[in-house]
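In: Next comes the sequence, and after it the predicted model I'd like to discuss.
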Amino acid sequence: MGDHIRISADGTHLFFNLEGDTIRFQAMADLGEAWAVYEKHNMYIQGEVISVEEVSILDTITDLVKTISFHVMDAALNPLPHFLNNITLKFSENYGMVEALNFIIFPLGNEIYFNLGFGSYTLTGMEGIEGGAQNLTWKDVYDYLPGDELHIRNQHGKWN
């Protein structure tokens, strides 16, 4: 999600792209609150909490989720046409990012890359929470039951 990530005590999430630039998110921001997400050269990106609602996460738990939108502007704060203006992030109050971006190439990543879903992440599972995708365990891999078929082959005098 970035070259590295820092989370401060005040709830500010700092992501760093490949160039070492800082991308800021205020996880504790309230509805309608805005802040500087990114500033460099003549580009200014503002984040704003556009909704706070109770949402089902992983089809098993409900939590308050903040939706954050982007507003891309020039140095004089005039709106710029940019694909990030159509992208949102979602932060869960208790479970972190539910929908996130690949910040490694933020903000100049290719629009097609993001629109095809390669630049975004969606929470699909979590350890200790039933529902959603779960990591395989050794028991899952070696769970042989009566009636299972085992296919083996002899290659170079060895059974595989």
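Out: Cool, the structure landed.
In: Now do the same for the residue nearest the centre of the chain: helix, strand or coil?
Out: Nearest to the geometric centre of the chain sits residue 100, at 2.3 Å (Cα atoms, centre = their mean). Of the three states, residue 100 takes strand under DSSP: H, G, I helix; E, B strand; the rest coil.
In: quick one: contacts for it?
Out: 1, 89, 90, 120, 121, 122 (Cβ atoms under 8 Å, 6 or more residues apart in numbering). For glycine as for every other residue, the C-beta is placed from the backbone atoms N, C-alpha and C.
In: Name the residues linked to the fifth one by a beta bridge.
Out: Just to be clear, that refers to residue 121. Residue 121 has these beta-bridge partners by DSSP bridges: residue 100.
In: what's stretch 122-140 in contact with?
Out: Contacts for stretch 122-140 (Cβ under 8 Å, 6+ apart): 57, 58, 59, 60, 61, 92, 95, 96, 97, 98, 99, 100.
In: In these, find the pair that's most separated.
Out: For these, the farthest-apart pair by Cβ to Cβ is 60 and 100; their separation is 20.1 Å.
In: follow-up on the earlier one: now, which of the contacts of stretch 122-140 sits nearest residue 38?
Out: residue 100 (15.1 Å).
In: Residue 4 versus that closest one, what's the distance?
Out: 15 Å (Cβ to Cβ, to the nearest Å).
In: And stretch 55-72, what's buried?
Out: 55, 57, 58, 61, 65, 66, 67, 68, 69, 70, 71, 72 (16 or more other Cβ atoms under 10 Å).
In: pLDDT added to these, as TSV?
Out: Shown next, in TSV, are those (pLDDT from 0 to 100):
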residue	pLDDT
55	92
57	87
58	84
61	88
65	95
66	95
67	96
68	95
69	95
70	95
71	96
72	95
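In: Among those residues, give me the pair with the biggest separation.
Out: With Cβ to Cβ as the measure, no two of the buried residues of stretch 55-72 lie farther apart than 61 and 72, at 33.4 Å.
In: re earlier: widest-spaced pair of the contacts of residue 100?
Out: Once Cβ to Cβ is applied, the contacts of residue 100 give 1 and 90 as the farthest pair, at 13.8 Å.
In: okay, these two: which has more neighbours?
Out: Neighbour comparison, residue 1 and residue 90: the larger count goes to residue 90, with 19 against 15 (by other Cβ atoms under 10 Å).
In: related to what we said a few turns ago, I'd like to know which of the buried residues of stretch 55-72 are part of strands.
Out: Among these, the members found in strands (DSSP state E) are 55, 57, 61, 65, 66, 67, 68, 69, 70, 71, 72.
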